[in-house]
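Asker: I would like to see how this sequence folds:
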Amino acid sequence: MTSRLSLCTLFALLMFGAAPAVVAAGPNDACYTCHTDADVKAGSGRPASLDPAKFVASVHGGKRGTCIGCHEDAETADGALHAAKLKPVSCANCHEDAVGEYAATAHGKARAGGNQVAASCGDCHGSPHAVLPASNPKSRTNHANLEATCGSCHGNDKLVQQARLPGGNIQAKYHDSIHGRLIRGNDSYSVVAPTCTSCHGAHSILSKKEAASKVSHANVPDTCGSCHQREHMVFDQGKHGALQHAGDKTAPVCSDCHSAHTIERASQSAWKVAVVGQCGGCHDDYVTSYRQTYHGKVTDLGFSEIATCASCHGAHDVRPASDPLSTISAANRLQTCRQCHKQASASFASWDPHPRPTDRSRDPVLYYANIGMNVLLAGVFLFFGLHTLLWAYRSIADALKRRRGGGSQGQEEN
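Answerer: Numbering: from 1, shown residues only. Model (predicted):
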């Protein structure tokens with residue numbers, strides 16, 4: 001290209017005595033000559049065309065972006081054509097830290113293991129010739145677009161099944177959650193509501209089985225707490241938080257009660273009722289006894305205005321009854337009952353909210369009363385069952401006699 005410009009300049013000097021104003025050629029013009037053709041193919045047979053306008057608008061284009069910045073072996077002397085097959089471009093040439101993080105992620109390990117379906121740089125950022133900054137509303141990595149970007153894999157049922165992706169169709173679950181709905185809103189929450197990278201990270205996505213993962217069981221409170229700071233602080237002060245900090249792997253964290261991708265508003269009636277079952281995942285004996293009470297039987301019918309676990313025990317600040325700050329401690333129990341039962345007395349609050357009729361040590365009176373009721377019930381059924389059988393026998397016997405012409409009525413007349 002340099003030699004061509006020199007000839008043009010020399011010709012102008014000979015003809016006009018002075019060089020005319022020459023518009024400087026762009027550094028990528030020679031590349032555009034071929035690579036704006038939709039039919040041009042790379043040595044591998046893949047399309048090798050690009051849209052100059054999109055490239056210039058991308059983070060790689062503009063004033064500082066040149067083709068040879070990435071395709072170094074495409075630069076040749078005197079404008080000659082480069083080789084048909086160039087070396088693969090490595091994003092690590094510029095983005096060494098990000099690529100280093102990616103190699104240790106679930107995606108990076110999967111690709112290193114031969115799974116070419118796993119997401120690579122281009123799957124998330126798009127074509128390297130049209131990568132837009134995350135601040136651009138059209139960018140694939142923009143906060144509002146990440147659901148669709150991650151969903152191109154984790155929302156594709158066929159690919160989920162083919163690659164055996166954990167969690168199934170996660171995009172569908174997230175889309176209908178409170179987080180997904182907030183992202184699609186038109187208010188201030190849409191820019192702060194958590195999306196995929198908020199919980200999983202961007203270039204540091206790790207399996208939840210790894211201790212360093214943001215979504216590992218031990219790290220979930222801190223991950224959720226990055227947004228829900230007040231709830232995190234209260235959780236840490238409660239019994240569940242204390243167990244979790246002590247290293248108890250069975251201690252419940254946010255996702256055990258709220259789930260991970262299907263999180264709903266805690267104020268929704270359906271969630272208030274359903275969360276009782278979540279508590280039962282650990283406290284089965286308490287939930288079983290709760291189901292036997294008026295509160296439990298009414299919530300089983302779907303009514304959420306009746307007391308549930310959180311109504312008495314609290315939500316994030318669950319404490320044992322021995323803790324003076326507990327809502328069910330001896331000093332606070334009456335006040336807790338009066339949240340619903342305004343006229344409740346101390347005697348009212350002394351009743352066992354988790355009756356166990358089969359546990360004599362917990363309540364001997366209830367234990368023997370339960371036995372008495374069961375004996376009475378069995379006796380009633382036995383007595384009237386026997387009475388019914390004898391009555392049926394007598395009725396059948398009389399019917400047979402009448403058929404033979406000598407029923408009980410004939411005997412009385414004789």
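Asker: For Leu386, give me the backbone phi and psi.
Answerer: Recorded main-chain torsions at Leu386 are phi -70, psi -40, according to degrees, to the nearest 10.
Asker: how many other residues sit next to it?
Answerer: Taking other CB atoms under 10 Å as the neighbour definition, Leu386 ends up with a count of 10. Heads up, the C-betas are built off the backbone N, CA and C, glycines and all.
Asker: Let me know the pLDDT of it.
Answerer: As summarised for this prediction, Leu386 has a pLDDT of 96.
Asker: quick one: it from Tyr393, how far?
Answerer: 11 Å (CB to CB, to the nearest Å).
Asker: Give me the residue at the spatial middle of this structure.
Answerer: His261 (1.7 Å; CA atoms, centre = their mean).
Asker: was I right about it contacting Tyr174?
Answerer: Yes. Counting by CB atoms under 8 Å, a contact exists between His261 and Tyr174, whose distance comes to 4.7 Å.
Asker: and Lys147, what element?
Answerer: Just so we're on the same page, residue 147 is Glu rather than Lys. Assignment of secondary structure by DSSP states H and E places Glu147 within helix 146-154.
Asker: So what touches that helix?
Answerer: The contact list for helix 146-154 (CB atoms under 8 Å, 6 or more residues apart in numbering) reads 117, 119, 123-124, 140-141, 159-160, 163, 165, 167, 169-171, 174-175, 180, 183, 195-197.
Asker: again, only using 7 Å
Answerer: When contacts are defined by CB atoms under 7 Å, 6 or more residues apart in numbering, helix 146-154 is touched by residues 119, 124, 140-141, 159-160, 165, 170-171, 174-175, 180, 183, 195-197.
Asker: Equivalent analysis for stretch 83-92, please.
Answerer: Residues lying outside stretch 83-92 but in contact with it, judged by CB under 7 Å, 6+ apart, are 43, 70-71, 73-74, 99, 121.
Asker: and which of these is nearest Gly372?
Answerer: Nearest to Gly372 among those: Cys121, at 73.7 Å, using CB to CB.
Asker: mind listing what the closest one touches?
Answerer: Taking CB under 7 Å, 6+ apart as the test, what Cys121 contacts is Cys91.
Asker: roughly how far apart are it and Ala38?
Answerer: Taking CB to CB, one finds Cys121 at 24 Å from Ala38.
Asker: Run a quick neighbour tally on His143.
Answerer: Counted by other CB under 10 Å, the residues lying close to His143 total 19.
Asker: What are the phi and psi values at it?
Answerer: Taking degrees, to the nearest 10, you get phi -50, psi -40 for the backbone angles of His143.
Asker: Check Lys41 too.
Answerer: Main-chain dihedrals, Lys41, degrees, to the nearest 10: phi -120, psi 150.
Asker: who does it bridge with?
Answerer: In this structure, Lys41 has the following beta-bridge partners (DSSP bridges): Pro47.
Asker: Pull the number of nearby residues for it.
Answerer: 12.
Asker: so what's the nearest residue to Ala260 once chain neighbours are set aside up against?
Answerer: Sequence neighbours aside, Val215 is the residue nearest to Ala260 in space, at 7.4 Å (criterion: CB to CB, 6 or more residues apart in numbering). With contacts defined as CB under 7 Å, 6+ apart, Val215 is in contact with 199-200, 208, 223.
Asker: can you check Asn370 too?
Answerer: Contacts for Asn370 were tallied using CB under 7 Å, 6+ apart; they are Pro357.
Asker: Quick check: buried residues in the helix or strand hosting it?
Answerer: Counting by DSSP H and E, the secondary-structure element that holds Asn370 is helix 364-403. Burial within helix 364-403, assessed by neighbour count using 16 or more other CB atoms under 10 Å, is assigned to 366-367, 370.
Asker: got those residues as CSV, with distance to Ile328 and pLDDT columns?
Answerer: Converted to CSV, these look like this (distance: CB to CB, whole Å; pLDDT from 0 to 100):
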residue, distance to Ile328, pLDDT
Leu366, 19, 93
Tyr367, 23, 95
Asn370, 24, 95
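Asker: How many residues are close by Ala148?
Answerer: Tallying neighbours of Ala148 according to other CB under 10 Å, which is how burial is gauged here, yields 13.
Asker: Then the one 10 residues further on?
Answerer: The local packing count at Lys158 equals 7, with neighbours defined by other CB under 10 Å.
Asker: can you confirm it is in a helix?
Answerer: Yes. Counting by DSSP: H, G, I helix; E, B strand; the rest coil, Lys158 is found in a helix.
Asker: quick one: it from Lys173, how far?
Answerer: With distances taken as CB to CB, Lys158 is found 17 Å from Lys173.
Asker: now do Arg360
Answerer: Following CB to CB, the distance that separates Arg360 from Lys173 is 46 Å.
Asker: go on, His71?
Answerer: As judged by CB to CB, His71 and Lys173 stand 41 Å apart.
Asker: Name the residue in these two with the higher neighbour count.
Answerer: Lys173 (18 against 15).
Asker: Go through the contacts of stretch 83-92 and name the one nearest Lys297.
Answerer: With CB to CB as the yardstick, the closest approach to Lys297 among the contacts of stretch 83-92 comes from Cys121, at 56.1 Å.
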